[in-house]
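> following is a predicted model, sequence given first.
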Amino acid sequence: MRKNFKPGDVTGTRLIVYYIVLILVAFVSLFPFYVMFVSSTLSTSQILNIPPHLSFGNQLLENFKNLSEKINIVRVIFNSLFIAITYTLLTLLLDSMAGYALAKYEFKGKSIIFGIIISTLMVPSQVTLVPMFIMMNKIGWQNTYWAIIFPALANAFGIFLMRQNMTSFPTALIEAARIDGCSEFGIFFQIVMPNMKPALGALGIYNFMSQWGNFMWPLIILATKDMYTLPVALASLEGLMYKDYGMMMLGSTISTIPIIIIFLIFQRQFVSGLIGGSIKE
């Protein structure tokens, strides 16, 4: 008996074509990472060899030794992790509180305040470098972790994302909690925040990645090698006459692995959080 396919049905042949296309796209996307991982185990001569080596070598320990001699890799990784994690946690708290206030509280000038916050997205970050540098010097925060963490805590994108997700949260639940005698902080932390996990996961990944790869501002405000973050420390590896590409590729691999791990763990929350703001009450 002949089967009747609806317009939206996918036949076996089309499904095979879809999988082939997805495999090709995945290969093109992942191949540069594979080359980076392989190059971290090769010497400079092997990396520059033609045809190139596409199999893992035996220079990993040598490259790590050279990298450790150039920079204090353990301290640099600690600096980057401390700054990125602290920044992410604080931004999640501040952005979610601001988003909740703009979404669920009614007060005079709310729309104007939200418009001003969104308008700051149009201001290039380079414009704020000199004023921030002067400010950090005046309060004595130059060459400290706080000079990197605090200036960008309440960012406009995070407030916008949390506000859009908070808008879809049922107001009736908040009002019922108030009637039951729950405090405003209790409502926020015990009722609203547990239901914002997808949005928090998406914003957390975004903020961690942006701070982990932040280069320009740490380069300006940090003065000593012991305070360097990974991007700044890796930039200092490049020599004028000779470049150890194996060592540099190993440093790039070390800086990439945490991003990959975090994204793989929270990828579902990342996707759900980005589309959550499109659902309205």
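Alright, I've got the coordinates. Residues are numbered from 1 along each chain as shown.

> for I257, give its distance to L264.
Applying C-beta to C-beta, to the nearest Å, the value for I257 to L264 is 11 Å. To be clear about C-beta, it is placed using only N, CA and C from the backbone, and glycine gets the same treatment.

> now I77
Plainly put, I77 is 19 Å away from L264 if you go by C-beta to C-beta.

> just want to know which of those two has more residues nearby.
Between I77 and L264, counted using other C-beta atoms under 10 Å, I77 has the larger neighbour count: 17 against 9.

> got any ranges where this structure has weak pLDDT?
Low-confidence segments of the chain, defined by pLDDT under 70: 1-11, 239-242, 269-281.

> in space, not sequence, find me the middle residue of it.
Of all residues in the chain, the one closest to the mean position by C-alpha atoms, centre = their mean is M209, 2.0 Å from it.

> quick check: which element contains that residue?
According to DSSP states H and E, M209 maps onto helix 197-212.

> now that helix: buried residues?
In terms of neighbour count (16 or more other C-beta atoms under 10 Å), helix 197-212 has its buried residues at 198-212.

> from the residues you listed, pick the one nearest Y100.
A199 (11.1 Å; C-beta to C-beta).

> hmm, M162 and that closest one touching each other?
Yes. With contact defined as C-beta atoms under 8 Å, A199 reaches M162; the gap is 6.0 Å.

> shared neighbours of those two, which are they?
Here A199 and M162 have S96 as joint contacts, going by C-beta atoms under 8 Å, 6 or more residues apart in numbering.

> how near is F185 to Y100?
To Y100, F185 is 11 Å away according to C-beta to C-beta.

> oh sorry, the question was meant for I179
The span separating I179 from Y100 equals 19 Å under the rule C-beta to C-beta.

> out of those two, which sits in the more crowded spot?
Taking other C-beta under 10 Å, I179 and Y100 do not tie; Y100 has more neighbours (23 against 8).

> what helix or strand is that one on?
In the assignment (DSSP H and E), Y100 maps to helix 73-104.

> between that helix and helix 197-212, how big is the angle?
With axes from the mean of the first three to the mean of the last three C-alpha atoms, to 10 degrees as the basis, helix 73-104 and helix 197-212 are set at 140 degrees to each other.

> quick check: buried residues in helix 73-104?
If you call a residue buried by 16+ other C-beta under 10 Å, then helix 73-104 has these buried ones: 73, 76-77, 79-80, 83-84, 86-88, 91-92, 94-104.

> and what of stretch 229-236?
Neighbour counts using 16+ other C-beta under 10 Å place 229-234 of stretch 229-236 among the buried residues.

> again, but for stretch 175-182
A177.

> can you list contacts of that stretch?
The list of residues contacting stretch 175-182 from outside it, by C-beta under 8 Å, 6+ apart, reads 186-187, 190-191.

> if you set the cut-off to 7 Å instead, what comes out?
Applying C-beta atoms under 7 Å, 6 or more residues apart in numbering, the set of residues contacting stretch 175-182 from outside is 187, 191.

> tell me the phi and psi of L54?
Recorded main-chain torsions at L54 are phi -120, psi 10, according to degrees, to the nearest 10.

> that older thread, after the helix holding Y100, which helix or strand is next?
Using DSSP H and E, the helix or strand that follows helix 73-104 in sequence is helix 110-119.

> what's that following helix packed up against?
Using 3 or more C-beta pairs under 7 Å, 6 or more residues apart in numbering; DSSP states H and E as the contact criterion, the elements in contact with helix 110-119 are helix 156-167.

> which strands or helices does the helix it packs on pack on?
Counting by 3+ C-beta pairs under 7 Å, 6+ apart, the packing neighbours recorded for helix 156-167 are helix 73-104, helix 110-119, helix 197-212.

> brilliant, that's me finished.
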